[in-house]
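Asks: below is the sequence, then the predicted model.
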Amino acid sequence: MYELNICHLYPDLLNLYGDRGNVIALKKRAEWRNIKVSIDAVTIGDAYDSEKYDITVLGGGQTYEQKIISPDLLSEKASEIKSAIEGNKVFLCICGGFQMLGRYYRTREGEEIEFLGALDLWTVEGETRIIGNILFECDILAAEGYDSKIVGFENHQGRTYLGPDVKPLGRILTGGGNNGEDGLEGAVYKNVFCSYAHGSLLPKNPALADLLLSRALKQKYGDFAGLPRLDDTFENMARESMISRLLK
């Protein structure tokens with residue numbers, strides 16, 4: 001039997017707009033295929049073991065929570081998280097968690113909050129919030145044979161910009177995306193997937209959940225052949241309804 005170990009990182013501080021649902025979706029979609037799943041909640045003061053976890057999930061948080069987390073992230077967990085990323089472990093990072101993998105967050109007052117620097121991206125606080133439903137096209141899903149459209153909900157004041165070594169998760173069809181300027185949404189580096197989409201993201205987009213599970217299983221088990229498809233009739237009906245509304 002296949003097994004997956006999931007780390008929910010800072011769940012007590014990074015859980016805006018139901019981001020905890022991403023962990024639940026990964027667990028249930030794995031278990032429906034008879035894959036054993038264990039979940040550890042790891043927060044400030046806890047050890048993070050890069051060898052132990054196959055998937056790490058960070059949810060969203062505001063600047064207030066990010067300032068609380070930052071000392072622990074940089075002093076206690078930085079080297080292990082970077083080791084996991086470079087070792088092709090799977091990460092899902094939403095909104096504030098997305099920002100915290102980058103180099104820094106610069107406030108409107110000019111204060112620069114140092115972040116992990118694991119990904120070449122940075123965030124600058126904007127004058128107004130980017131808020132509303134979002135729809136974007138994801139080429140990675142298309143390449144895996146899935147419908148490439150992803151739906152979600154964004155609510156962020158940060159404007160994130162990607163360096164040359166980081167690719168976008170998708171291209172905006174409607175919504176603001178990373179910064180409201182370049183038409184890009186999220187980020188991908190190795191097996192790290194980042195997005196501003198809450199909602200929570202994975203229950204609304206089961207194909208993306210399966211992509212993350214597949215990547216984790218392929219990284220862990222050399223003989224992994226692929227996930228059997230599930231009956232996602234109801235999930236896809238809800239998703240198609242939202243896509244239809246957003247494209248009108």
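Replies: Perfect, I can see it now.
Asks: mind checking the pLDDT average for the longest strand anywhere in the chain?
Replies: In the chain, with assignment by DSSP state E, the single longest strand is strand 121-137. Averaging pLDDT along strand 121-137 yields 97.
Asks: can you pull out the strands in the protein?
Replies: Taking DSSP E as the criterion, the chain contains strands spanning 3-9, 36-42, 55-58, 90-94, 104-106, 112-114, 121-137, 149-162, 170-174, 184-185, 187-189, 192-195.
Asks: low-confidence ranges in the protein?
Replies: Judged against pLDDT under 70, the chain has no low-scoring part.
Asks: most distant residue from the centre of it?
Replies: Glu109 (27.8 Å; CA atoms, centre = their mean).
Asks: which residues touch that residue?
Replies: Going by CB atoms under 8 Å, 6 or more residues apart in numbering, Glu109 touches no other residue. Glycine gets a C-beta too; all of them are placed from N, C-alpha and C.
Asks: and the nearest residue to Gly126 once chain neighbours are set aside, how many neighbours?
Replies: For Gly126, ignoring the flanking residues on the chain, the nearest one in space by CB to CB, 6 or more residues apart in numbering is Arg159 at 4.9 Å. By the criterion of other CB atoms under 10 Å, Arg159 has 20 neighbours.
Asks: so Arg159 is in contact with Asp182, correct?
Replies: No: using CB atoms under 8 Å, Arg159 is not in contact with Asp182; the gap is 9.8 Å.
Asks: returning to that earlier point: tell me the bridge partners for the residue nearest to Gly126.
Replies: Val124 (DSSP bridges).
Asks: for Glu65, see how far away it is.
Replies: As judged by CB to CB, to the nearest Å, Arg159 and Glu65 stand 19 Å apart.
Asks: check Leu73 too.
Replies: Per CB to CB, Leu73 is found 11 Å from Glu65.
Asks: compare these two and say which one has the larger neighbour count.
Replies: A count of neighbours by other CB under 10 Å puts Leu73 above the other of Leu73 and Glu65, at 22 against 19.
Asks: the residue lying closest to Thr56 once chain neighbours are set aside bridge partners, please.
Replies: In space, and not counting its chain neighbours, Thr56 is closest to Cys7: 4.5 Å by CB to CB, 6+ apart. Residues in a beta bridge with Cys7, per DSSP bridges, are Asp40, Thr56.
Asks: what sits against Cys7?
Replies: 39-40, 42, 48, 52-53, 55-57 are the contacts of Cys7 under CB under 8 Å, 6+ apart.
Asks: same check, this time on Gly180
Replies: 126, 130, 159 are the contacts of Gly180 under CB under 8 Å, 6+ apart.
Asks: of those, closest to Glu144?
Replies: Nearest to Glu144 among these, counting by CB to CB, is Ile130 at 28.2 Å.
Asks: tell me how many other residues crowd the nearest residue to the closest one once chain neighbours are set aside.
Replies: Once flanking residues are discounted, Ile130 sits nearest to Gly176: 3.5 Å by CB to CB, 6+ apart. Gly176 has 22 neighbouring residues, counting by other CB under 10 Å.
Asks: roughly how far does Gly176 sit from Thr43?
Replies: Separation of Gly176 from Thr43 (CB to CB): 30 Å.
Asks: go on, Lys27?
Replies: 19 Å.
Asks: who's more crowded, the two?
Replies: In terms of neighbours (other CB under 10 Å), Lys27 is the more surrounded of Lys27 and Thr43; the figures are 18 against 15.
Asks: OK, contacts around that one?
Replies: Lys27 sits next to 6, 37, 39 when contact means CB under 8 Å, 6+ apart.
Asks: quick one: which of those residues is nearest Gly163?
Replies: Distance to Gly163 across these (CB to CB) is lowest for Ile6, with 28.0 Å.
Asks: could you give the number of residues near the closest one?
Replies: Residues contacting Ile6 under the criterion other CB under 10 Å number 23.
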